[in-house]
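Q: sequence plus the predicted model coming up.
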Amino acid sequence: MPRWGMVIDLLKCIGCYGCQMSCKAENATPPGVTLARVEVTEIGSYPNVTRVNLPLLCMQCNEPPCERVCPTKATQIREDGIVFVEEEKCIGCKYCMIACPYGARYFVEDTHAYFGEQGLTPYEKAGYAEHGKGVVQKCDYCRHRIDAGLAQGLTPGVDREATPACVTNCMAKARYFGDLEDPNSEVSQLVARAQAFQLSPEFGTDPNTHYLPAGRLVVAAEPANVVHKKG
Amino acid sequence: MLTAEQAKAKEPGNGKQDRWIPSSCSLCYGMCSILGHNVDGTLTKIEGNPDSACGEGRLCAKGVAGIMTLYDPNRVNVPMKRTNPAKGIGIDPQWVEISWDEALEIAVKKLKEVHDHDPAELFLQGTTTCASEMHAGLFTFGMAFGTDAVWVGGGGIHCGSGAHQVGGLMHASWSLVPDFKMCNYAIYFGASKGHSAGHVANQNAQLAADARARGMQMVVVDPMCNFASGKGNEWVPIRVGTDAALALGMANVLVNELGMYDRPYLKQCTNAAYLVKEDGHYLRDAASGKPLVCDEAGGGVRVFDAGLVEGVAILGTFTVQGVTVQPAFQILKEHLKKYTPEYCSEITTIPAANIRRLAREFGEAARIGSTIVIDGQEFPYRPAAAIFFRGSQGHKNSTWNCVSIDLLNHLVGSADNVGGALGFNPVCYGHPETGRPYYAPEPTPDGLMITGTWMHPHKPFPANDAAAPVSIGMREFFPWAMTSPFYGAADREEWWNRFHIQRRPKVMINFGANAIMSVGNKDVVADAFKDVFIISFDIFKNEMTDFADLVLPDTSYLERLFPSPNYPFIFNHPGSMGNWSWPIRQPVVEAGGQRRDFLRVMYEIGSRLGLLAKVNEAYNTHFELKEPYTLKPGVKYEFEEIVDKVLKNFFGEAHGLAWFKVNGVMSWPKKAEEVYWRSRVPVRVPVYFEIFQTTGEQVRKLAQEFGIENELNYQSYQALPDWNPCATHECRDPQYDLISFYYRDTIHTNSLTMENPWLDEAAQMNDYSYNIAVNAATARKKGLKDGDMIWVESSYKRKVKGKLKTTEGIHPEGVGVAALAGHWSKDLPIALGKGVFYNELIEVDYEHMDPGNLNMDLCAKVRIYKA
């Protein structure tokens, strides 16, 4: 059984909000619900300062506090590690929102229109119908894409259709997705790097979403075909 | 759900209600290739098209969010005419809905009047956001109608006249990028290439990210630590508008302190060896008129292309034919000496030691003398690039800022060589089956480079001789200007009167630009348009529409057909090795309301005006149509027929519109000699700009004739680059102690996307997008704190209000504002009141333009205080 995981390379991420937008487009989330989002901040003091773009989503923890506090077992962990909400069981108590240390959960009371009193757009009419009201929503690594892709014999993380929308769309190719149980997968290789880290490990949540740091030093290797070397 | 691949294999319109339709984005001029998911007639998703080099299946936030622009309930759906004759900011036009028949009748009547009286009084205005359609629709119409009064509202005059002029002159392309796949050291001057904005946004983002992960060192010179600087290995904060001083300081260190320059490159690919007389002009061969060169002993005098390369002199002083001459490079070398790092430090605030270090790092990284084998061919290997864009070029010293930065590439020989600074695709040898498109730079008789292709009818070089102006843009007098801000300038009447120009703009056709906001101070620009009859194609009513007399509901980019969104390849097609891709734009949904496509309507208007033959001829020119695909003079074509002919013209009978509707994009591999053409194509670029000096002499002579010699600034008309101050640097009023500037936000395209609620939501989550960035220590000194509402007031007493964001990531003298925000039109309810209308602070007059290329200066001397 695979265990799906994601690696986000902060060196490559440019904070473009493409993940936030592609998640919204894929999952038709209403105003205020950003299952994938980006936090932009800065570190350092002038002039030694840099921007930090931190893309966030559900960390898909192996030890998810949200799952433990759910009174109706609406929040569940699949065998492949994906943490999801079975909306029919969710009573909207919001315990999970308090328990989640990553702020990755959103309560959707009703599906408001982005254009307010001007009403729902045709896109919203089509998309919002698929979601419940009075329930909590969260990122589930686009499990509908993974499941549909696997059913067609596709490989999540390799084939676009079987891969979370935010990964597929990332314009800096900063996001990687795949099977963490497979030691040869790209994500396993990246997680094995000494620099890879999980967000807030002190919570003991053991996320399947990992990061590579922005500030790491990389030295360009010499191309093989330089024939007349100078400089 | 059909996969993209499955959908592509099926003929669209085959009865399926679930289709992925290949098309092209146009929420910025990057125009990445997309797939639109149409389910039962509703667009449910936009994704990148993985089959196209234009994005390779990825999209920025704006592209994904396009769905909410398409379905915005505030879209214009029916033609409307104004019933309130009074025009002004805040005045209700009192629109009345009319039929298309009536709308076209009004438009044609007005245009006929101006055509009969004086066609040059028609003024055309378009948006860069839809650059392809703008070029195809407005420029062809202008050619057919008989007017060259065209401006790209805001976009062109804010970023075009310097960056694209120098891109064309020095790289035969619209813009520059590092050769991301091979570059090891890139220094950015006020540019964000690869960080989510503008030309080739997606592909550059991928390439730049891969380059960083590979180890390319990125140094970013910018007043603000934002998109590119935030990703750089080093941010070099610089005083606003002083980039040329840093670049010239680095050039001086390379040439005069380190002796680090690529002699063979300078001899072969530039005019470094051309002998220059004491009057600043070339010494020419009496018979052929060609510039002369000599050997290092001053002998062997011959024309520049007579075969002397290795031993040609680029240094020294000689007497040739009884005249004292110096090679052009010798003069440049002497000229650079005044740019000591210490002097440049005073101008830029960058420590002299850092200027020396940056020069050394750049020079060493370029590995002068190295070569590399690619696809079996040996090329110079120069993995260092210096690039510029809107930040550095948006100043009064626009041309010289860009030239000074680009000079670094030419000194170390990295221009269009492996790993260096690449123009976007100046050479294309065509599709393997047809050999089209085919273009490459060619030399003038003087050996200097003319671009192989360009976005406008007139190439950036050679410039016309300066002449007495007769048009309202007066570009005859300013031949290096790609466009003219005079149409909306405060001193336009003064200038027209100086040249006794009787013409005035009478009618405007506007294609989607919001010039009331995008040019400069709104009152100045509004004054210029209040008496003009304006026919406006729009998808939204906005601040510009408030001045229109007729509003025509345009299709959005998702509702229309266009044959060539990414051609010419010099504009928004990825550089570096990889594939060529030619995508089309086609409707991914049916057009809603009574919307009609701008191009089709313009073609109809042209036809009704009796200009069909000329419009067809202009289309033939614009789309480079050759027999048997040319449009015939007397034939009125359906737009689909024109698109079909354009596609077949380039890709053969089998690859017309029917083929492209299904497949979306034609791709084929690039050749190494197309990408790294510099050492293969026999053209040279100037490191000594006799061409500008010559124009200056013509301008001065004309100015004498008009009695205005002392009214002009000649700083752009010399042979060598300098740093010259902006008006802001010369403002001595001590209470105005800061310099404001605007920058392109990643989440927004100019003013257009402010109305998109998904993008607005993201922008509101970002601390910088809608706020005014000021250095934290500067704010503290003024008793201001993060979140305060403040006024930014210019030395001309113009002011805007906004929320303060204190940051460590901005130069202590800088005031940074993102994008073009602060809409006040009630017809844009999402955008209304969001962000800061920076352009209020921009002066639109000759004093605030580059006197040569007329690019506007976009910084202002300001003070800030609590609101």
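A: Sure thing, it's come through. For clarity, every value in this text was computed on a predicted model and none was experimentally measured.
Q: where does the chain dip in pLDDT?
A: Since no chain was named, I'll use chain A. A:230-231 (pLDDT under 70).
Q: sorry, I should have been clearer: chain B.
A: The model of chain B has pLDDT under 70 over residues B:1-16.
Q: for the longest strand anywhere in it, which positions count as buried?
A: Longest strand in chain B by number of residues (criterion: DSSP state E): strand B:799-807. By neighbour count on 16 or more other Cβ atoms under 10 Å in any protein chain shown, the buried set for strand B:799-807 is B:799, B:800, B:802, B:803, B:804, B:805, B:806, B:807. The way it works is simple: take the backbone N, C-alpha and C, and place the C-beta from them, glycine included.
Q: which strands and helices sit next to that strand?
A: Here strand B:799-807 touches strand B:772-775, helix B:776-781, strand B:789-794, going by 3 or more Cβ pairs under 8 Å, 6 or more residues apart in numbering or on different chains; DSSP states H and E.
Q: hmm, back to that, can I get the buried residues of strand B:799-807 in TSV with distance to residue B:383?
A: Output for those, formatted as TSV (distance: Cβ to Cβ, whole Å):
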residue	distance to residue B:383
B:799	47
B:800	43
B:802	42
B:803	43
B:804	42
B:805	37
B:806	38
B:807	33
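Q: closest to residue B:307 among these?
A: Checking the buried residues of strand B:799-807 against residue B:307 by Cβ to Cβ gives residue B:807 as the nearest, at 57.7 Å.
Q: I figured the closest one hits residue B:777, correct?
A: No: between residue B:807 and residue B:777 no contact is recorded; they are 10.4 Å apart, counting by Cβ atoms under 8 Å.
Q: continuing past the longest strand of chain B, what's the next helix or strand?
A: strand B:814-818 (DSSP states H and E).
Q: tell me the strands beside that next one, with direction?
A: Strand B:814-818 pairs in its sheet with strand B:738-743 (parallel), strand B:772-775 (antiparallel), by DSSP bridges.
Q: residue numbers of the stretch 301-450 of chain B in contact with chain A?
A: Applying Cβ under 8 Å from any Cβ of the partner chain, we find that the stretch 301-450 of chain B lies next to chain A at B:364-374, B:378, B:381, B:383.
Q: try 7 Å this time
A: Within the stretch 301-450 of chain B, the positions near chain A by Cβ under 7 Å from any Cβ of the partner chain are B:364, B:366, B:367, B:368, B:369, B:370, B:371, B:372, B:373, B:374, B:378, B:381.
Q: wait, the second one sits on residue B:412?
A: It stands for residue B:366. Yes: applying Cβ atoms under 7 Å as the test, residue B:366 and residue B:412 come out as touching, 3.7 Å apart.
Q: neighbour count: these two, which is higher?
A: Each of residue B:366 and residue B:412 had its neighbours counted (other Cβ atoms under 10 Å in any protein chain shown), and the higher figure belongs to residue B:366 (33 against 29).
Q: strands along chain A, start to end?
A: Listed in chain order, the strands found in chain A under DSSP E are A:4-9, A:37-45, A:48-56, A:75-77, A:83-85, A:105-108, A:135-138, A:175-179, A:209-212, A:226-228.
Q: dump those strands to CSV, plus mean neighbour count and distance to chain B.
A: As requested, the strands of chain A are exported to CSV (neighbours: other Cβ atoms under 10 Å in any protein chain shown; distance: least, Cβ to the nearest Cβ, whole Å):
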stretch, mean neighbour count, distance to chain B
strand A:4-9, 26, 7
strand A:37-45, 17, 5
strand A:48-56, 19, 3
strand A:75-77, 19, 25
strand A:83-85, 22, 19
strand A:105-108, 19, 13
strand A:135-138, 21, 15
strand A:175-179, 24, 11
strand A:209-212, 22, 9
strand A:226-228, 13, 4
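Q: quick one: contacts of the longest strand of chain B?
A: Contacts to strand B:799-807, defined as Cβ atoms under 7 Å, 6 or more residues apart in numbering or on different chains, come from residues A:42, B:767-768, B:771-776, B:779, B:784-793, B:836-838, B:840-841, B:867.
Q: next: stretch B:691-711.
A: Stretch B:691-711 has contacts (Cβ under 7 Å, 6+ apart) with B:280, B:463, B:465-466, B:468, B:477, B:479-480, B:498-499, B:712, B:714, B:716-719, B:852.
Q: center of chain B - which residue?
A: Centrality entry for chain B: nearest residue to the mean C-alpha point is residue B:160, 4.0 Å, by Cα atoms, centre = their mean.
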